[in-house]
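Asker: below is the sequence, then the predicted model.
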Amino acid sequence: MARVELRGVRKRFGDVQVVHGVDLSIADGEFLVLVGPSGCGKSTILRMVAGLEEASDGRILIDDAVVNERDPKDRDVAMVFQDYALYPHMSVAENMGFSLRWRGVGKAEIGRRVRQAAEVLDIAHLLERRPRELSGGQRQRVAMGRAIVRDPKVFLFDEPLSNLDAKLRVQMRTEIKRLRDRLRATTIYVTHDQVEAMTLADRIVVMQGGLVQQVGTPEEIYDRPATTFVAAFMGAPA
Ligand code: ADP
Ligand code: MG
């Protein structure tokens, strides 16, 4: 069953069309990676699924319901950004539980979910710390923890590793792969890094200029690139 579907989705900013009729289907539990050069429309697609941008045309469905008109907070999606601003005056536990608190989840339940997510992310020993006492990688885990505690229908990641240095990026990539295998949650993950895409994806969507060039498993994309663009982009050194 498709958890998320895009049907003929377009986006214009003023006179400029940046997403041209995209059709995609993301299965329940699938880890889909959108990859492509900067400016090709990846973030715009993610933001439309999240409800942070309105689609100019087409339909977006979550669990077979059209959500185009639905408020971001009523879509049951959680987004992790590259600049994962944490609340500096709150502890790690408070940062992770905050969105549940204003959604009206009870204190005991928040505590339970925060501890569970913290264990999955190996940050259970950091729950009382403040963000300034954490390393970059630890902060990124807290940002992911905020999404995980919500147990959303869909996780949306927008280049979550692009602000980390190369060494940490490799480490966090392995970490996200482990999380992927453990949670098996429906995810749309955006990156401009082919290696990240090849490592993490169940299926890869290669984009260029607001259009989908190819959709396939990492093996399919690698063995049978559909266009010279796909071959050049996926084959280029990271
Ligand atoms: P990517 O995430 O793949 O780098 P984006 O989705 O951010 O690409 O952007 C796609 C195109 O849309 C770019 O040309 C960008 O400049 C343009 N764009 C994105 N957001 C806006 C906006 N709010 N107003 C006008 N143009 C935008
Ligand atoms: Mg982007």
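Answerer: Okay, I see it. Ligands and ions are numbered 1, 2, ... in the order given.
Asker: what residues does the chain put near ligand 1?
Answerer: By the rule CB under 6 Å from any ligand atom, the part of the chain lying against ligand 1 is 13, 18, 36, 38-44. Yep, even glycine has a C-beta here, placed from its N, CA and C like the rest.
Asker: which of the residues you listed fall within strands?
Answerer: 13, 18 (DSSP state E).
Asker: turn the residues of the chain next to ligand 1 into TSV, columns for pLDDT.
Answerer: Formatted as TSV, these follow (pLDDT from 0 to 100):
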residue	pLDDT
F13	97
V18	98
G36	96
S38	94
G39	96
C40	97
G41	98
K42	97
S43	96
T44	98
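Asker: just the buried ones from the residues of the chain next to ligand 1?
Answerer: 18, 36, 40-44 (16 or more other CB atoms under 10 Å).
Asker: just put these in JSON lines and tack on distance to A185.
Answerer: Below are those laid out as JSON lines (distance: CB to CB, whole Å):
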{"residue": "V18", "distance to A185": "28"}
{"residue": "G36", "distance to A185": "23"}
{"residue": "C40", "distance to A185": "25"}
{"residue": "G41", "distance to A185": "24"}
{"residue": "K42", "distance to A185": "20"}
{"residue": "S43", "distance to A185": "20"}
{"residue": "T44", "distance to A185": "23"}
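Asker: from these, which single one is nearest R112?
Answerer: The shortest approach to R112 among these belongs to S43, at 33.3 Å (CB to CB).
Asker: partners of V19 in the sheet?
Answerer: Note on V19: beta-bridge partners by DSSP bridges are K11.
Asker: neighbours of it, how many?
Answerer: V19: 27 surrounding residues under other CB atoms under 10 Å.
Asker: out of the residues of the chain next to ligand 1, the closest to A147 would be?
Answerer: The closest of these to A147 turns out to be S43 (CB to CB; 16.6 Å).
Asker: other residues contacting the biggest helix by length in the chain?
Answerer: In the chain, ranked by residue count with DSSP state H as the criterion, the top helix is helix 166-183. Here helix 166-183 makes contact (CB atoms under 8 Å, 6 or more residues apart in numbering) with 31, 120-121, 136-137, 140-141, 144, 148, 160-162, 164, 187, 195-196, 199-200.
Asker: now the helices for the protein?
Answerer: Using DSSP H, the helices found in the chain span residues 42-50, 92-101, 107-120, 136-148, 166-183, 194-200, 218-223, 228-235.
Asker: redo those helices as JSON lines? Include distance to R7.
Answerer: Listed next are the helices of the chain as JSON lines, based on distance: least, CB to CB, whole Å:
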{"stretch": "helix 42-50", "distance to R7": "12"}
{"stretch": "helix 92-101", "distance to R7": "29"}
{"stretch": "helix 107-120", "distance to R7": "33"}
{"stretch": "helix 136-148", "distance to R7": "26"}
{"stretch": "helix 166-183", "distance to R7": "26"}
{"stretch": "helix 194-200", "distance to R7": "24"}
{"stretch": "helix 218-223", "distance to R7": "23"}
{"stretch": "helix 228-235", "distance to R7": "23"}
